[in-house]
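Participant: Provided below are the primary sequence and the corresponding predicted coordinates.
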Amino acid sequence: MECQAVFSLAFFIPQVYSNPSFHYFAFTEILFFSYSILIENTHKYLIMRIVKELSAKEIRITIFDWNEKYLIKYEIGPLEQTYKIPKWDVESEEELMVKIVSAEILSDVELRFNEMGKTLRKISS
């Protein structure tokens, strides 16, 4: 029903504004109107929720739930690493939390941060 309103406006406005300078303005309004309907209809997919915030060693870990994925964000100083995991690949949030703070994973993350730090020092010197 709402999509039909967008299409009828798309055909109606150019006829009303025959002046070319108004035509662009009207078309921009239609695009904005279409986009706002899209957001209203899909808002449940656009909300990002923080599931948990943790710390391990010097690393800050944040787990987000967004767009049917878990985003795992590791931060240390000016550096960050983010991993996207589909929700259907994870049994439960508790299982995910145990895995992301395991010694093996944290060791890999620290190594990557060391490499990133070296690159950052090369860039900033």
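Facilitator: Yes, it's here.
Participant: in this protein, which spans are helices?
Facilitator: Per DSSP state H, the chain has helices spanning 2-16, 20-41, 43-46, 93-100, 103-124. These are given in chain order.
Participant: pull the CA atoms of the fourth one into PDB?
Facilitator: Right, the one you point to is helix 93-100. Extracted in PDB, the C-alpha atoms of helix 93-100 (Å, rounded to 0.1, in the frame of the first residue of the first chain):
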ATOM      1  CA  GLU A  93      25.500 -15.900  23.200                       C
ATOM      2  CA  GLU A  94      27.100 -17.600  26.200                       C
ATOM      3  CA  GLU A  95      29.000 -20.000  23.900                       C
ATOM      4  CA  LEU A  96      30.200 -17.000  21.800                       C
ATOM      5  CA  MET A  97      31.400 -15.200  24.900                       C
ATOM      6  CA  VAL A  98      33.400 -18.200  26.000                       C
ATOM      7  CA  LYS A  99      35.000 -18.600  22.600                       C
ATOM      8  CA  ILE A 100      36.000 -15.000  22.100                       C
END
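Participant: 33 is where my numbering starts, stick with that
Facilitator: Understood, numbering begins at 33; the last thing we discussed is helix 125-132.
Participant: tell me which strands and helices it is in contact with?
Facilitator: Here helix 125-132 is seen to pack against strand 81-88, strand 91-98, strand 101-108 when contacts are counted using 3 or more Cβ pairs under 8 Å, 6 or more residues apart in numbering; DSSP states H and E. No exception for glycine: its C-beta is placed from N, CA and C like everyone else's.
Participant: Just tell me which of these ends up closest to residue 129.
Facilitator: Distances from residue 129 to each of the helices and strands packed on helix 125-132 were compared by Cβ to Cβ, and the smallest falls on strand 81-88, at 6.2 Å.
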